[in-house]
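*Asks:* Mind folding the following:
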Amino acid sequence: GARGQPLDALPHYWRAFELYQDETLSLLALHDLGIDLARIGAIDDAERAFRHVVRAAHDHNVLQNSMIELLHCASFRRDRVGFTRWRALCEHELPRMAPNILTDYHLKLGIGLARFGRFERALAEMDQALESARAHGLHEFEFRIDRIRTGLQDVEALGCAEHETDPAPVAQGAAIDEVSAALATLGG
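*Replies:* Numbering: from 1, shown residues only. Reported below is the predicted structural model:
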């Protein structure tokens, strides 16, 4: 796949979104597009994709994953109001979250709290994420959480809420312009 090349994957995710007959597969493609857009720093476009998924999804996993990504985007933009709103909406979904989604929620909630300078609460959320990952054998998550948690403690010592989980600066190019224009047609 195009895992290492998010920019190259953008038009393919959009085409998949348009072409899939199955609604869940179509929305998963749009969610993946949002993930890659966030990864390259195109936060507004990523949020547009995730909001569309949240509006249209009937599958709880797809809905919850996009809600968590909207929480993550809001914290990246240091939007406390948006972060608080998405946190409340995610918390409503907690009883229905699969272990991997719940783990991701606690991780991204922790990252967001750290971005707002609430390091003690952030570490508590990351501990909860780690506990969930260990309990469910989510080893990839365990390594990621450990790495971010360690970075968070270094960041806290420096008194700074910026760290490695922030997306790269927005990439430029025809692929992103094309996808951005297409996403604008979705509204929201």
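*Asks:* in this structure, which spans are helices?
*Replies:* If you assign secondary structure with DSSP state H, the helices in the chain sit at 6-19, 23-39, 43-56, 60-76, 80-93, 99-115, 119-135, 139-158, 174-184.
*Asks:* mind putting these in a markdown table, mean pLDDT included?
*Replies:* Compiled in a markdown table, those are given as follows (pLDDT from 0 to 100):
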| stretch | mean pLDDT |
| --- | --- |
| helix 6-19 | 88 |
| helix 23-39 | 95 |
| helix 43-56 | 96 |
| helix 60-76 | 97 |
| helix 80-93 | 98 |
| helix 99-115 | 96 |
| helix 119-135 | 96 |
| helix 139-158 | 83 |
| helix 174-184 | 79 |
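*Asks:* contacting residues for the residue nearest the centre of the chain?
*Replies:* Computing the C-alpha centroid of the chain and ranking residues by C-alpha atoms, centre = their mean puts residue 69 first, at 2.8 Å. When contacts are counted by C-beta atoms under 8 Å, 6 or more residues apart in numbering, residue 69 touches 31, 34-35, 38, 46, 50, 108. Glycine gets a C-beta too; all of them are placed from N, C-alpha and C.
*Asks:* Separate out the buried members of the residues you listed.
*Replies:* 31, 34-35, 38, 46, 50, 108 (16 or more other C-beta atoms under 10 Å).
*Asks:* so can I have CSV of those showing distance to residue 147?
*Replies:* Below are those laid out as CSV (distance: C-beta to C-beta, whole Å):
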residue, distance to residue 147
31, 24
34, 23
35, 19
38, 19
46, 22
50, 24
108, 14
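*Asks:* Looking at those residues, which is nearest residue 129?
*Replies:* Distance to residue 129 across the buried ones among the contacts of residue 69 (C-beta to C-beta) is lowest for residue 108, with 8.6 Å.
*Asks:* Surely that closest one is in contact with residue 74?
*Replies:* No: applying C-beta atoms under 8 Å, one finds residue 108 not in contact with residue 74, separated by 10.2 Å.
*Asks:* Residue 103 - how many residues pack around it?
*Replies:* Residue 103 is flanked by 25 other residues according to other C-beta atoms under 10 Å.
*Asks:* Just want to check the distance between the residue nearest to it when sequence neighbours are not counted and residue 102.
*Replies:* Here the nearest residue to residue 103 in space, its sequence neighbours aside, is residue 132; by C-beta to C-beta, 6 or more residues apart in numbering that works out to 4.3 Å. In this structure, residue 132 and residue 102 are separated by 6 Å, where distance is defined by C-beta to C-beta, to the nearest Å.
*Asks:* and what of residue 40?
*Replies:* Residue 40 sits 27 Å away from residue 102, going by C-beta to C-beta.
*Asks:* Same question for residue 90.
*Replies:* Relative to residue 102, residue 90 is positioned 10 Å away (criterion: C-beta to C-beta).
*Asks:* For those two, indicate the residue with more neighbours.
*Replies:* For residue 90 against residue 102, the residue with the higher neighbour count under other C-beta under 10 Å is residue 102, and the figures read 23 against 20.
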